[in-house]
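1. with the input below, show me the fold.
(one chain, ligands or ions: 1)
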Amino acid sequence: MDRLLADASKRLEEALKYVEISEDASERLKYPKTSLSVSIPVRMDDGSLRIFQGYRVRYDDTRGPGKGGVRYHPNVTMDEVQSLAFWMTFKCALLNLPFGGAKGGITLNPKELSKQELERLSRGYIEGIADFIGPDMDILAPDVYTNEIIMGWMMDQYSIIQRKISPGVVTGKPQTMGGSQGRNKATGTGAFYVIQAMLAKFDRVPEDTTIAVQGFGNAGSVVAQLLAKAGYKVVAVSDSQGGIYAKMGLDIPSISQYKKENRGIKAVYCEDSVCNIVEHQILTNEDLLKLDVDVLIPAALENQITEKNADDVKARYIFEVANGPINSAADIILNQKGIEIFPDILVNAGGVTVSYFEWVQNRSGLYWTNTEVNERLKEKMVVEAEKVWSIAQQHSVSMRTAAYIHALNRLGEALDAKGTRDYYVNGLSH
Ligand code: NAD
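-> Below you'll find the model as predicted:
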């Protein structure tokens, strides 16, 4: 097993001690069901041809069609995509969505491509994986460095191949193409509901709670804005270029506005950095993770906190908005330090939850208001967060282990319903 997936799977071992699922089911969950690798030829603007490497993994589809985002990043590998698909499997089960887990990606630096080249690449990716996806098979969504424009191209290309409009194959689309109200902000909004509900357990007062957010993209910028609006002191934010810090709290709406305006000017990607905004101290992404704050929110990429820097983390609570920002070795160190970690498969599940709402709306043809979406999102996030909290109290385990226990119970039941060793060894009793 490759490195990232092996590390992700370690989280299962602890949770398996507390659930009653068959050995067959736990064995099945250790391996991705299907992994597809495609090469994508793209005609570049200067006439040359470049071949890109793309992946789509369906980790498990026992509870429903595969569901998961598509990432464009230079570090994308099969191992990374498999581990992201693993997390999606548990996330969908945790939120009780009728989906299995999947993920996709293309290895590239998207900032080096023109908008036209990105469109040809995105359509080429769909050509490569078209037989592997579909509204009842595997549904795509945005992830790091992909957005609603790209989702629109993907849905359009799939519809061209199928010769019928197929909005349900992709979520996170533009609203004019069947996208849902609230999907753009869903991950950050869902995380905000969980943070509020969980910090209330510790009697935290927003005005006295300092927060640092690593990653100011789709997920990180929204959660930072909502927290600032609710009165929390967001003292540091960062993006791939570096970060900014202000002891008294940053003016998050202005920072967001600045990024938004630049994104508008710069077509698909925002190339400007939050570092360009004044009245702050500059800090690196490494320094941001070591800040003496109450709450740390990693919202960029995986493996940001490892055994190398876990000792330096001073936050009291960590809410994982990114997928896999803490590796399993760091988890142990942070737990020993008494830091309360709220895991990715719970905290960032708002994105896939509203993706589910979008898929439902696409299939029913009836579209909901922004208020309806957010009310349903809040209910789902808070209900499942409270269940995870109860499991953690009941077994005296970490919130991460409790989240896996909760998801494993649902997954195990579904896998066992398909047939267990007992059926074959002892026969059916009736
Ligand atoms: P995004 O592309 O919108 O933003 C990523 C942000 O991270 C950008 O601000 C980028 O500059 C910053 N970044 C990149 N490398 C960094 C580094 N080394 N240090 C600090 N910042 C860095 O992506 P996103 O959709 O916001 O996704 C962020 C994380 O949230 C990912 O782990 C993703 O898997 C997870 N997530 C996203 C969604 C979603 O719906 N968008 C849902 C669930 C989980």
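2. from here on, just use CA atoms for contacts and neighbour counts.
-> OK.
3. what is the burial count for F202?
-> Neighbourhood size, F202 [other C-alpha atoms under 10 Å]: 8.
4. ok, now how distant is it from R316?
-> 11 Å (C-alpha to C-alpha, to the nearest Å).
5. can you check Y245 too?
-> 18 Å.
6. those two: which is more packed in?
-> Between Y245 and R316, counted using other C-alpha under 10 Å, the more crowded position is Y245 (22 against 16).
7. just checking, that one touches D251?
-> No. Counting by C-alpha atoms under 8 Å, D251 is not a contact partner of Y245; they are 10.6 Å apart.
8. now the common contact residues for those two.
-> Counting by C-alpha atoms under 8 Å, 6 or more residues apart in numbering, no residue touches both Y245 and D251.
9. tell me which residues of the strand or helix carrying Y158 come out buried.
-> In this structure, Y158 sits in helix 148-162 according to DSSP states H and E. Neighbour-count burial for helix 148-162, counted by 16 or more other C-alpha atoms under 10 Å, picks out E148, I150, M151, G152, W153, M154, M155, D156, Q157, Y158, S159.
10. I'd like the average pLDDT over the very next helix or strand once past it.
-> Using DSSP H and E, the helix or strand that follows helix 148-162 in sequence is helix 186-199. Helix 186-199 carries an average pLDDT of 97.
11. CA atoms only: put stretch 247-256 into PDB for me.
-> Only the C-alpha atoms of stretch 247-256 are listed here, as PDB (Å, rounded to 0.1, in the frame of the first residue of the first chain):
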ATOM      1  CA  LYS A 247      -2.900  40.500  16.900                       C
ATOM      2  CA  MET A 248      -6.100  42.400  17.200                       C
ATOM      3  CA  GLY A 249      -7.800  40.500  14.400                       C
ATOM      4  CA  LEU A 250      -7.700  40.900  10.600                       C
ATOM      5  CA  ASP A 251     -10.300  42.700   8.500                       C
ATOM      6  CA  ILE A 252     -11.500  39.500   6.800                       C
ATOM      7  CA  PRO A 253     -14.200  41.100   4.600                       C
ATOM      8  CA  SER A 254     -11.600  43.500   3.000                       C
ATOM      9  CA  ILE A 255      -9.200  40.600   2.500                       C
ATOM     10  CA  SER A 256     -12.000  38.500   0.800                       C
END
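12. hmm, it touching the ligand?
-> No. Between stretch 247-256 and the ligand, judged by C-alpha under 6 Å from any ligand atom, nothing touches; the nearest distance is 10.9 Å.
13. give me the mean pLDDT for that stretch.
-> Stretch 247-256 comes out with an average pLDDT of 86.
14. ok, now which ones touch E112?
-> With C-alpha under 8 Å, 6+ apart, E112 has no contacts at all.
15. typo on my end, it should be S83
-> L4, L5, A8.
16. find the nearest non-adjacent residue to the second one, please.
-> So the one you mean is L5. Setting aside the residues directly before and after it, L5 is nearest to S83 in space (C-alpha to C-alpha, 6 or more residues apart in numbering), at 4.5 Å.
17. roughly how far apart are the one you found and the ligand?
-> Here the criterion is C-alpha to the nearest ligand atom, to the nearest Å. By it, S83 lies 11 Å from the ligand.
18. quick check on K233: phi, psi?
-> Per-residue torsions, K233: phi -90, psi 100 (degrees, to the nearest 10).
19. hey, what's it bridged with?
-> For K233, the beta-bridge partners under DSSP bridges are T210.
20. tell me what the lengthiest strand in the chain is packed against?
-> The longest strand of the chain (DSSP state E) is strand 49-60. Under the contact definition 3 or more C-alpha pairs under 8 Å, 6 or more residues apart in numbering; DSSP states H and E, strand 49-60 sits against strand 34-43, strand 66-73, helix 78-94, strand 101-107.
21. which residues does it contact?
-> 29, 31-44, 66, 77-78, 81-82, 85-86, 89, 100-108, 125, 129, 138.
22. if we go to 6 Å?
-> Outside of strand 49-60, the residues within contact range by C-alpha atoms under 6 Å, 6 or more residues apart in numbering are 32-43, 66, 85-86, 100-107.
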